[in-house]
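Colleague: turn this into a model:
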Amino acid sequence: MEYIYAALLLNSAGKEVNEENLKSVVKAAGEEPDEARAKAIVHSLKGVDIAEVIKNAQNVQAAAPQQTAHAGAGEAKKEAPKEEKKSEEEAAGGLASLFG
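Modeller: As a prediction, the model looks like this:
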């Protein structure tokens, strides 16, 4: 996770997200840099516009409450299924089976 945060930090600082920069940020945070993880993150982010992804994520997040409100209105009309009540003896029998 620290490599994702490092990539976001580098992006927000206007720095290039490359292996050396990632490892430097991770090392500055007090962690031991991992060459394989740095390579994997750089490879995964190749061609990705981080600012655009963040912008789209914020738009999706803003739309989510509206969708939930519409879905909730339909669900409010449905009745909750009635739970079957077990007798105390049945419940006690179930507990007894746990203790042998």
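Colleague: low-confidence regions, the protein specifically.
Modeller: The chain contains residues with pLDDT under 70 at 64-100.
Colleague: go with 80
Modeller: 60-100 (pLDDT under 80).
Colleague: from G47, how far out is E16?
Modeller: Distance from E16 to G47, counting by Cβ to Cβ, to the nearest Å: 14 Å. Quick note: C-beta positions are derived from backbone N, CA and C, even for glycine.
Colleague: between these two, who's got more neighbours?
Modeller: Higher neighbour count among E16 and G47: E16, with 9 against 5, using other Cβ atoms under 10 Å.
Colleague: so what's that one up against?
Modeller: For E16, the contact set (Cβ atoms under 8 Å, 6 or more residues apart in numbering) comprises L10.
Colleague: which SS class is it?
Modeller: The three-state label given to E16 by DSSP: H, G, I helix; E, B strand; the rest coil is coil.
Colleague: what is the neighbour count of I4?
Modeller: Considering only other Cβ under 10 Å, I4 is surrounded by 13 other residues.
Colleague: leaving out sequence neighbours, find the closest residue to it.
Modeller: I41 (7.0 Å; Cβ to Cβ, 6 or more residues apart in numbering).
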